[in-house]
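[1] what would the 3D arrangement of this be:
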Amino acid sequence: MAKESFDKEVQFLRMLVLTSGAYSRQQFAQRLGISVHTFDKTLRRLKDIVGTVCQQLPEAQGREFADMLRFNYYESVDPMLLFLYRAKSVKESESYRLSLMIAALQQRSHTAMELLDVCGGGMPGDIPMPDEKTIRSDLRYLEDVGVIRRDGGGRPYRYAIHNRLVDDLTEEERIDLYAFVDVMANTQVPSVQGYLLRDSLKKALKLQDAAEPFLYRYHYYSRILDEAHLFTLLQAIRERRTISFLYFPPKKRQSYGSKNTNPLFERESEGKQAKMLPLKVVYDHQYGRWYLLGYARQDIVKYRVEGITQIIEDGDATDEPLFAERMELLELRTRFSWLIDTGRAVLVRARFFNPEGVKANFVRERVELQGQWGEITETTDESFIYEITVNGTTEIKPWLRSFGSSCEVLEPIQLRREFIAEWKELQAYYEPVRENL
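    A predicted model of the protein is given here:
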C-alpha cells in the first residue's frame, strides 16, 4: 500500500469511527480534503481489505461500511481498525506471492527455484510473474522477520516455516501464552504487534469459534491508528534524523490533504508543513493519544501524532553531541511536565478527604499510585495535603477533577477559582426547573 494511501485511509477510518457515519459523502470529503470520487474509491478499497484480509464480510452484504464500524465494533473483542495494518506494507502482487510461498512452505521445505515454479503456477493471470531475484528478496524478508528459517545443508538452500514458538510448547503452554498475549495487547502500548501475535496463536490453537476467556471494550481508536507512525518516528530518533511532514492541528476542520496531480482538483490544504528533529514520543493513557516532541525553530515543539501525515526523512543524521544537547534541553523543559507541558512551573496544593466508613483508603492509594513525584505533606484523620510542582495546570486539572468531592484545590488561587466556577456550572444543571417540583 502506498504511503500516501495509508495516511489517507488512517484519517478516513478515524473520522468514520468518531462520527459513526453521521456525515454525508460531500461533508466527509470536504473534511478530509479529498474529492467525492476519492471518497468512493477509498471506501471501495477498505471494503476490499475487509473481505480479503479479514476473510469475512458483514452479515448484511449491502450494509454500508460506516454502519459496519458503528454497530459491529463493540460487539467484538477484536479491534476492528486493526485490519488496515494487515494490508499496509504489501502490494497486491506481493500479497498473492507471499501467500503462495508461505502455503507451500507449510507443506515441506523448498528451494528458491522450486518456489519460483510454485508462484508461476499459482499467480492470477492479470498479475506479472516474479523472477528469481524477487523470490530471493522475498525469502530474505521472510527470514528476517522470523516467518521462515533456512534448513541446514549446502547450496541450494532450502527454506521451511519457522514454527518453533508453537511446536515446542505443549497445548497447555500455548493456551497460557495466548491468554498472556491477549491481556498484554489490550493493556500495553504499543499494541499492534501483540494483536498480530495473538491472531497467529489463535490460528495455531484453532480458537476462531471458541469463546474468548477475556472481554475488552477498546475505546481509544487513535491508539492503534497512530501506531502507523510510531516506529517510523522511533527509527528517526535512533538515527538522529530530521523529518518533515504535513500537520493538521486538532482544531482545524480538515484532517488530511491529498496530493492532487490534476490541476482542476487542486485545493489549498489547511495543514502546515513542519520540519523538526524528533526527540521523544509520549503516550497519554488518559485520552489514548500519542505526542511527538522535538526540536525546531530554536525551541522544543510538540505535535499530536494523529495530525501528522506524509512523513519523510529530511537531511543527514544530526551529530551525536548536538543531539545530546537537544535531548538535555528537552529533559530540562519537561522536568516538571505532568505529561508534555513546557510552561512555567507552578506549585499545586490540594486537600484530599479520606473516605468514611471503609477500611481501605482508596483515595490515598490512588494519589500515591498516580501522583507521580508529588508528596503528601500533612495528614489528619479526615484528610491529607498533596503538593506537586508542575509545568502549568492544564494537564493535571482533569486528574484533580476526577476525584470529585474528595478533592479540594488550595493553590494556586487561579486554579481554585476555575474549579469553583466549574462546580457552580454543574450545580446549575441540576437545579429544579420549578420551585415546587
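
[2] show me which strand runs longest in this protein.
    For the chain, the strand reaching the highest residue count under DSSP state E is reported as strand 272-284.

[3] now that one, how far from the centre of its chain.
    15 Å (CA atoms, centre = their mean, to the nearest Å).

[4] in that strand, what counts as buried?
    Neighbour counts using 16 or more other CB atoms under 10 Å place 274, 276-281, 283-284 of strand 272-284 among the buried residues. Using the backbone N, CA and C atoms, a C-beta is placed for each residue, glycine as well.

[5] stretch 25-36 now?
    So for stretch 25-36, counting by 16+ other CB under 10 Å, buried means 28-35.

[6] same check, this time on stretch 336-352
    For stretch 336-352, burial by neighbour count (16+ other CB under 10 Å) applies to 336-342, 346, 348-352.

[7] reformat the residues you listed as a markdown table; add secondary structure.
    Listed next are the buried residues of stretch 336-352 as a markdown table, based on DSSP: H, G, I helix; E, B strand; the rest coil:
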| residue | secondary structure |
| --- | --- |
| Phe336 | coil |
| Ser337 | coil |
| Trp338 | coil |
| Leu339 | coil |
| Ile340 | coil |
| Asp341 | coil |
| Thr342 | coil |
| Val346 | strand |
| Val348 | strand |
| Arg349 | strand |
| Ala350 | strand |
| Arg351 | strand |
| Phe352 | strand |
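
[8] ok, those vs Leu139, which is closest?
    Nearest to Leu139 out of the buried residues of stretch 336-352 is Ile340 (CB to CB; 43.2 Å).

[9] show me what the longest strand of the chain packs onto, helices and strands only.
    Counting contacts by 3 or more CB pairs under 8 Å, 6 or more residues apart in numbering; DSSP states H and E, strand 272-284 packs against helix 227-239, strand 241-247, strand 289-296, strand 299-304, helix 320-333.

[10] tell me which of those sits nearest to Glu356.
    strand 289-296 (36.1 Å).

[11] by contact count, what packs against the closest one?
    helix 221-225, helix 227-239, strand 272-284, strand 299-304, helix 320-333.

[12] mean confidence score for the second one?
    It refers to helix 227-239. The average pLDDT for helix 227-239 rounds to 89.

[13] what helices or strands is that helix leaning on?
    The elements that helix 227-239 packs onto, with contact taken as 3+ CB pairs under 8 Å, 6+ apart, are helix 3-19, strand 241-247, strand 272-284, strand 289-296, strand 308-317.

[14] possible to save those as a markdown table with distance to Ser200?
    Listed next are the helices and strands packed on helix 227-239 as a markdown table, based on distance: least, CB to CB, whole Å:
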| stretch | distance to Ser200 |
| --- | --- |
| helix 3-19 | 22 |
| strand 241-247 | 32 |
| strand 272-284 | 25 |
| strand 289-296 | 25 |
| strand 308-317 | 28 |
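
[15] most packed of the ones you listed?
    Scoring the helices and strands packed on helix 227-239 by mean neighbour count under mean count of other CB atoms under 10 Å gives strand 289-296 as the most buried, with a mean of 21.

[16] which residues touch that one?
    Strand 289-296 is contacted from outside by 222-223, 226-227, 229-230, 233, 274-284, 300-306, 308, 326, 329-330, 334, 339-340, using CB atoms under 8 Å, 6 or more residues apart in numbering.

[17] contact partners for Thr393?
    Neighbouring residues of Thr393 by CB under 8 Å, 6+ apart: 346, 348, 412, 414-415.

[18] tally of neighbours for the residue lying closest to Gly146 once chain neighbours are set aside?
    Nearest non-adjacent residue to Gly146, counting by CB to CB, 6 or more residues apart in numbering: His162, 5.8 Å away. Counted by other CB atoms under 10 Å, the residues lying close to His162 total 17.

[19] oh, and call the first residue 46 from now on, that's how I've got it
    Fine by me, first position is 46 from now on; the one you just mentioned is His207.

[20] how about Glu370, what does it touch?
    Counting by CB under 8 Å, 6+ apart, Glu370 has no contacts.

[21] just to revisit the earlier point, who wins for proximity to Tyr202 among the helices and strands packed on helix 272-284?
    Closest to Tyr202 of the helices and strands packed on helix 272-284 is helix 48-64 (CB to CB; 32.6 Å).

[22] relative to strand 286-292, how tilted is that closest one?
    Computed by axes from the mean of the first three to the mean of the last three CA atoms, to 10 degrees, the angle separating helix 48-64 from strand 286-292 equals 50 degrees.

[23] just checking, what packs against the helix or strand following helix 48-64?
    Toward the C-terminus, helix 48-64 is succeeded by helix 70-77 as the next helix or strand (DSSP states H and E). Secondary-structure packing of helix 70-77 (3+ CB pairs under 8 Å, 6+ apart): helix 48-64, helix 81-98.

[24] okay, the first one in CSV with CA atoms only?
    In other words, helix 48-64. This file holds the C-alpha atoms of helix 48-64, laid out as CSV (Å, rounded to 0.1, in the frame of the first residue of the first chain):
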residue,chain,number,x,y,z
LYS,A,48,2.5,5.6,1.9
GLU,A,49,0.1,8.4,0.9
SER,A,50,-2.7,5.9,0.6
PHE,A,51,-2.1,4.6,4.1
ASP,A,52,-2.1,8.1,5.6
LYS,A,53,-5.4,8.8,3.9
GLU,A,54,-7.1,5.6,5.0
VAL,A,55,-5.9,6.1,8.6
GLN,A,56,-7.6,9.5,8.7
PHE,A,57,-10.6,8.1,6.8
LEU,A,58,-11.1,5.4,9.4
ARG,A,59,-10.6,7.8,12.3
MET,A,60,-13.4,10.0,11.1
LEU,A,61,-15.7,7.1,10.4
VAL,A,62,-15.5,5.7,13.9
LEU,A,63,-15.6,9.1,15.5
THR,A,64,-18.7,10.4,13.5
